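>>> need the 3D shape of this:
(one chain, ligands or ions: 1)
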Amino acid sequence: MKEKNGLFITFEGGEGSGKSLQTRKLYRRLQKLSLPVILIHEPGSTALGEKLSRLLKWGHSNEISPLAELLLFNAARAQLVQQVINPALSAGKIVICDRFADSTLAYQGCGRGLDMAAIKNANATATGGLQPEMTFLLDIPVKEGLARKSTRETNRFEKEEVAFHERVRQGYLQIAASEPRRFTVIDARLDKKRIAGIIWQRVSSILE
Ligand code: TMP
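Purely as a prediction, here's the structure:
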């Protein structure tokens, strides 16, 4: 296997946590320093991934079974890892990914109730064992997060009941607690600049 010299950073969080904004801020900051960096998101960032994303987010709720959902997210992930992430890491780039395999553990595992061992197997197959060096979890109380999103049309996940999102949130916190070296948990209610500052502190320490 080719050596990977890059840095793989992922962002995770429930609905309305503001993680996409923070991925963009970090991306721009690294770009300004003329560092080689790419910003991608899951599901998506490949032609196949974008098609699957439309299906997963905007398909009819009862048309996709939880198991099919797990495999579709991982189909998108397999394509993204092979086509984009691995080549970028091999070329020494910093890869910022908005959601990755932890999303599947939190949403399909804790949210939908699928077997965690089966999810870990599916994730490992799709990623070839690739793990982020660093993951930021933006944590927000469920109702606050959903309220931030309520101004536009809601997708299949946003339509889920509050209890589903509560399971996702608690799942994320447990996953983060089980891997404290990889995860930084940030209160997503903090000021946006403050959150960006916390993220930058961690990223710049590793870049040094
Ligand atoms: P987003 O593009 O707004 O982050 O929406 C993606 C949605 O898909 C979000 O509700 C979380 C969900 N999702 C899963 O359920 N499992 C996964 O593995 C991933 C990547 C996302």
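>>> please identify the helix or strand for A124.
Here A124 sits within helix 116-127, counting by DSSP states H and E.
>>> can you pull the contacts of the residue nearest the centre of the chain?
Residue closest to the mean C-alpha point of the chain, counted by C-alpha atoms, centre = their mean, is R99 at 1.0 Å. Counting by C-beta atoms under 8 Å, 6 or more residues apart in numbering, R99 touches 10-12, 19, 41-43. (Glycine included, C-beta is placed from N, CA and C.)
>>> for the worst-scoring helix or strand of the chain on mean pLDDT, which positions count as buried?
Confidence across the helices and strands of the chain bottoms out at helix 142-149, with a mean of 92, counting by mean pLDDT, DSSP states H and E. Neighbour counts over helix 142-149 (16 or more other C-beta atoms under 10 Å) mark 142, 145-146 as buried.
>>> please apply the same query to stretch 24-35.
Neighbour-count burial for stretch 24-35 [16+ other C-beta under 10 Å]: 25-27, 29-30.
>>> mind putting those residues into CSV with pLDDT, distance to the ligand and secondary structure?
Listed next are the buried residues of stretch 24-35 as CSV, based on pLDDT from 0 to 100; distance: C-beta to the nearest ligand atom, whole Å; DSSP: H, G, I helix; E, B strand; the rest coil:
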residue, pLDDT, distance to the ligand, secondary structure
K25, 98, 16, helix
L26, 98, 16, helix
Y27, 98, 16, helix
R29, 98, 21, helix
L30, 98, 21, helix
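>>> which one of these is nearest to C110?
Nearest to C110 among those is L26, at 26.3 Å by C-beta to C-beta.
>>> can you give me the distance of the closest one to F73?
Distance, L26 to F73, by C-beta to C-beta, to the nearest Å: 23 Å.
>>> next one: T10
Going from T10 to F73 by C-beta to C-beta gives 14 Å.
>>> next: F136.
20 Å.
>>> circling back to that earlier point, got the CA coordinates for the helix holding A124 in CSV?
What follows is helix 116-127, C-alpha atoms only, in CSV (Å, rounded to 0.1, in the frame of the first residue of the first chain):
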residue,chain,number,x,y,z
MET,A,116,-22.9,-1.7,15.7
ALA,A,117,-20.6,-4.6,14.8
ALA,A,118,-22.2,-4.9,11.4
ILE,A,119,-21.8,-1.1,10.9
LYS,A,120,-18.2,-1.2,11.9
ASN,A,121,-17.6,-4.1,9.4
ALA,A,122,-19.4,-2.2,6.6
ASN,A,123,-17.5,1.0,7.4
ALA,A,124,-14.2,-0.8,7.5
THR,A,125,-14.9,-2.4,4.1
ALA,A,126,-15.8,0.9,2.5
THR,A,127,-12.8,2.9,4.0
